[in-house]
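K.L.:
Sequence and predicted structure, then a few things I'm wondering about:
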Amino acid sequence: MQSDGLTRRALIGGALVGLTGCSGVGVLTPPTPGTTASRPGTLPSSTPTPDASLVTAAAQEADGGWYAAMAKQATAWKAPSTFAPWCRAAAATRDAHASLLSRHDPLSGENGDLSSWFTPTPHPPAAPASLKAALTAIQTRETALATEHRTRALSASDPSMVALWASLATSAHARRAPGPLPPTTTVTPAPIEAPGLTEALDLLLAHVHVLIAAMEVGLGTLPIRDAHYTPGRARLLVIEQMRDTTIASLRAAQATPDAPALSYELVKMTTPASIIQAWGNLEVKVLEAWAAVAVASNGAGRGQAIDAMFAQADAATGYGVGLSAWPGWA
């Protein structure tokens, strides 16, 4: 099936690209680099100390060694075979976060100033004595970290920092319990230009339309007795409600919502495994669209968008699709 395409929009950098497995749908172009608002980390060279929020956040993220130590205990704890690899991935993600936050310019991108401004001071808890204790500690720490990053996103004024804090919050939320490993490729956060709210909602609606189409195709292929069939139908109702709410928001803004395409070119969904993989990948794309809405919103609207990112993270990981170190960018 061939998509009839949608207009191109410049929103969250070049990282939020076209929908996985679909052609010509909602492909984004990178914004023109430029100054938006003063970001923590881009202060004049005479500034003696970095922004306190960066120092605090970097220290909170700098617990990679705690996760690495737990990975070494996996055998002694008789943990599932997936536990140690997940701990090592969590350690790598935490280290990447701490490294970026401690730069002179955290959002300088891959080709920017990568030098460190300060060295984060980690404050890891005591090593857990058992797998049960480890899982409890992971949930407690990551839930608290997600909450703090979310608060930072709500108070940020620069769109690039809103996107960064929302991404870090979503990453922590997704790490509350061991799950699928992250993808092998990722992007480096870079400065963005804030989209208009209508533009961001248009993008969200485009991704939701495609997810609905993929779910309908998948549910038409899955055997009724498959373990994913009934949850899939329930999830479709949730996504359809998301569509309706987004349409209502666009109309309230005096905008005309785009209708779904007559057809979409989707990845082949011929087996339960391929169906679930496709659904998970598209849930991630909806997460990325919610990131654009978060950047474009203020106040309660921004909080609701970040909470929607959290829910999308849960949906994607529930399908076995891991998130990158920087959810919302890619």
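P.N.:
Arrived safely, thanks for sending. Since this is a predicted model, take the numbers as computed values, not measurements.
K.L.:
Show me where this protein dips below the pLDDT cut-off.
P.N.:
Low-confidence segments of the chain (pLDDT under 70): 1-48.
K.L.:
Report the central residue of it.
P.N.:
With distances taken as C-alpha atoms, centre = their mean, P327 lies nearest the centre of the chain, 2.2 Å away.
K.L.:
Roughly how far does that residue sit from H207?
P.N.:
Distance of P327 to H207, given as C-beta to C-beta, to the nearest Å: 14 Å. Just so you know, the C-beta spots here come from the backbone N, C-alpha and C atoms, and that holds for glycine as well.
K.L.:
re earlier: in three-state terms, label the residue nearest to the centre of the chain for me.
P.N.:
The three-state assignment at P327 reads coil, by DSSP: H, G, I helix; E, B strand; the rest coil.
K.L.:
In this model T317 seems to touch it, though I could be wrong.
P.N.:
No: P327 is not in contact with T317 according to C-beta atoms under 8 Å; the separation is 10.5 Å.
K.L.:
where do the contact lists of those two overlap?
P.N.:
Listed as contacting both P327 and T317 by C-beta atoms under 8 Å, 6 or more residues apart in numbering are A174.
K.L.:
list the buried ones in stretch 117-125?
P.N.:
By 16 or more other C-beta atoms under 10 Å, the buried positions in stretch 117-125 come out as W117, P120.
K.L.:
And it, how far out from the chain middle?
P.N.:
Relative to the chain's own centre, stretch 117-125 is displaced by 24 Å; criterion: C-alpha atoms, centre = their mean, to the nearest Å.
K.L.:
what's the nearest residue to L323 if we skip its chain neighbours?
P.N.:
Take L323 and drop its neighbours on the chain: the residue closest to it by C-beta to C-beta, 6 or more residues apart in numbering is A174, 5.1 Å away.
K.L.:
so what's the one you found up against?
P.N.:
Going by C-beta under 8 Å, 6+ apart, A174 touches A313, D314, T317, L323, P327.
K.L.:
Just flag the most distant two among the residues you listed.
P.N.:
Farthest pair in these (C-beta to C-beta) is D314 and P327. Separation: 11.7 Å.
K.L.:
Would you enumerate the residues in contact with the nearest residue to the residue nearest to the centre of the chain once chain neighbours are set aside?
P.N.:
The spatially closest residue to P327, leaving aside those adjacent along the chain, is T170, at 4.2 Å (C-beta to C-beta, 6+ apart). By C-beta under 8 Å, 6+ apart, T170 lies in contact with A146, L287, A291, I306, M309, F310, A313, L323, P327, G328.
K.L.:
Which strand or helix spans T170?
P.N.:
According to DSSP states H and E, T170 maps onto helix 159-174.
K.L.:
Mind checking what helix or strand follows that helix in sequence?
P.N.:
Per DSSP H and E, helix 159-174 leads on to helix 197-221 as the next helix or strand towards the C-terminus.
K.L.:
Which strands or helices does that following helix pack on?
P.N.:
Here helix 197-221 touches helix 229-252, helix 272-296, going by 3 or more C-beta pairs under 8 Å, 6 or more residues apart in numbering; DSSP states H and E.
K.L.:
Which among the ones you listed is found nearest to P80?
P.N.:
When the helices and strands packed on helix 197-221 are compared by C-beta to C-beta, helix 272-296 sits nearest P80, at 19.8 Å.
K.L.:
That closest one to helix 197-221, inter-axis angle?
P.N.:
Interaxial angle, helix 272-296 versus helix 197-221 (axes from the mean of the first three to the mean of the last three C-alpha atoms, to 10 degrees): 170 degrees.
K.L.:
Which other helices and strands does whichever helix or strand comes after helix 272-296 contact?
P.N.:
Counting by DSSP H and E, the next helix or strand C-terminal to helix 272-296 is helix 299-318. Judged by 3+ C-beta pairs under 8 Å, 6+ apart, helix 299-318 is in contact with helix 131-155, helix 159-174, helix 272-296.
K.L.:
Run the angle between the shortest one and helix 272-296 for me.
P.N.:
I take that to be helix 159-174. Here the directions of helix 159-174 and helix 272-296 differ by 140 degrees (the same axes, to 10 degrees).
K.L.:
contacting residues around stretch 49-59?
P.N.:
Here stretch 49-59 makes contact (C-beta under 8 Å, 6+ apart) with 40-41, 43, 97-98, 101-102, 106, 117-118, 120-123, 148-149, 152, 168.
K.L.:
In helices, which of these appear?
P.N.:
Mapping the contacts of stretch 49-59 onto helices (DSSP state H) picks out H97, A98, L101, E148, H149, R152, L168.
K.L.:
Skipping its backbone neighbours, what lies nearest the last one in space?
P.N.:
On the basis of C-beta to C-beta, 6+ apart, the spatially nearest residue to L168 that is not a chain neighbour turns out to be H149, at 4.3 Å.
K.L.:
and the one you found, how many neighbours does it have?
P.N.:
Counted with other C-beta atoms under 10 Å, residues neighbouring H149 total 25.
K.L.:
Cool, thanks, signing off.
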